[in-house]
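> Structure here, sequence nowhere to be found:
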């Protein structure tokens, strides 16, 4: 079976820690306006992708939409797209839970 897991993105997290706010405001070496541009663009991409995946019957997980990740107050990122150890563990737990639910079907 094929499954898509959308990568977490810092700008889509609801509760940014102070450290994450600093990371987001810094942007990337290529895009200093990252926070103003990319989160909106990535959200559009994932929404459209989910429509297509649903239509085609392909399973997916949007880590950005999962409350345990999205609403977490702790620092989960080391930069705008790479999660730290804590973030990785949460992502792994979310994927594991989803796979366990699929196994039961």
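Everything's here; your move. Predicted model only: the values in this text are computed from it and were never measured.

> per-residue pLDDT, residue 60?
As summarised for this prediction, residue 60 has a pLDDT of 97.

> same check, this time on the one 5 residues further on
In the predicted model, residue 65 carries a pLDDT score of 96.

> So what's the residue count around it?
As a burial measure, residue 65 scores 15 neighbours (other Cβ atoms under 10 Å). Glycine gets a C-beta too; all of them are placed from N, C-alpha and C.

> Next: residue 19.
Other residues lying near residue 19 total 14 when counted by other Cβ under 10 Å.

> That one and residue 73 touch, don't they?
No: counting by Cβ atoms under 8 Å, residue 73 is not a contact partner of residue 19; they are 11.4 Å apart.

> thought residue 50 was touching residue 62?
Yes: in this structure, residue 50 is within contact of residue 62 by Cβ under 8 Å, at 6.7 Å.

> higher neighbour count, the two?
Legend: neighbour count by other Cβ under 10 Å for residue 50 and residue 62, higher for residue 62 (21 against 16).

> ok, now how distant is that one from residue 40?
16 Å (Cβ to Cβ, to the nearest Å).

> for residue 84, same thing?
On the measure of Cβ to Cβ, residue 84 and residue 40 end up 24 Å apart.

> Can you pull the phi/psi pair for the closest residue in space to residue 1 that isn't next to it in sequence?
Of all residues not flanking residue 1 in the chain, residue 59 sits nearest, at 7.0 Å (Cβ to Cβ, 6 or more residues apart in numbering). Main-chain dihedrals, residue 59, degrees, to the nearest 10: phi -70, psi 140.

> do residue 82 as well
The phi/psi pair for residue 82 (degrees, to the nearest 10) is phi -110, psi 130.

> Sort out which residues of the lengthiest helix in the chain are buried, please.
Longest helix of the chain, by residue count under DSSP state H: helix 34-55. Residues 34, 35, 38, 39, 42, 43, 46, 50, 53 are the ones in helix 34-55 that count as buried (16 or more other Cβ atoms under 10 Å).
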